[in-house]
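**Student:** only geometry, no sequence info:
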């Protein structure tokens, strides 16, 4: 048995040297871990927050520039939803909540977007964005491509930003959480982060 090991030991040694050389020459040959507490995850969550914020900010600010606080397309669109799966709900909203929808959509899209971009009151803003995406999802309720639509994917983005407390990563929420006010009222952290 010793003679067999003696005969193949140079082969084992060469394999070990080759494996080590491969790992040194090719950094992708080593394990690539995406740890939630690592820097790569922090960068990704912060980037996701900023991109989601820019998406909503851009949608809101263009409406404000074009129509001000009289965004009449929203209520009008909802009033024409009679043939959709959820037709009565958006129609009711368009007829009875036009006073809130016309100024609210551009204003709150802009504010939610700014809050996410700067990472301030991130969870509150993300829940506001998720609420909007539910309304948009219902408003676009033809479901021609099934239940999963762009509005549904937006909903998932906002939920992800809220769940991962994205404002704590390179956002102002990380600074706000260190203030005396938040330390005296720790429940405020549920709105931040």
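**Tutor:** That came through, no problem. Everything numeric here is computed off the predicted structure, so don't read it as measured data.

**Student:** After the helix ranked longest in the chain, heading C-terminal, what element do we hit next?
**Tutor:** Longest helix in the chain, counting residues (DSSP state H): helix 39-67. Next in sequence after helix 39-67, counting helices and strands by DSSP states H and E, comes helix 73-79.

**Student:** What lies in contact with that following helix?
**Tutor:** 67, 90, 91, 93, 94, 95, 97, 98, 101, 102, 105, 139 (Cβ atoms under 8 Å, 6 or more residues apart in numbering). No exception for glycine: its C-beta is placed from N, CA and C like everyone else's.

**Student:** right, and the third one touches residue 82 too?
**Tutor:** Yes: distance between residue 91 and residue 82: 6.0 Å, which falls inside the contact criterion (Cβ atoms under 8 Å).

**Student:** on that earlier part again, for the contacts of helix 73-79, which ChimeraX command selects only the ones that are buried?
**Tutor:** To isolate the buried members of the contacts of helix 73-79 in ChimeraX, using 16 or more other Cβ atoms under 10 Å:
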select :67,90,91,93,94,98,101,102,105,139
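
**Student:** in stretch 179-193, what's buried?
**Tutor:** 182, 188, 189, 191, 192, 193.

**Student:** Any idea how far apart the tips of that stretch sit?
**Tutor:** 13 Å (Cα to Cα, to the nearest Å).

**Student:** Let me see the mean pLDDT of it.
**Tutor:** Mean pLDDT, taken over the full extent of stretch 179-193, equals 90.

**Student:** ok, so of the buried residues of stretch 179-193, who is nearest residue 152?
**Tutor:** residue 193 (24.0 Å; Cβ to Cβ).
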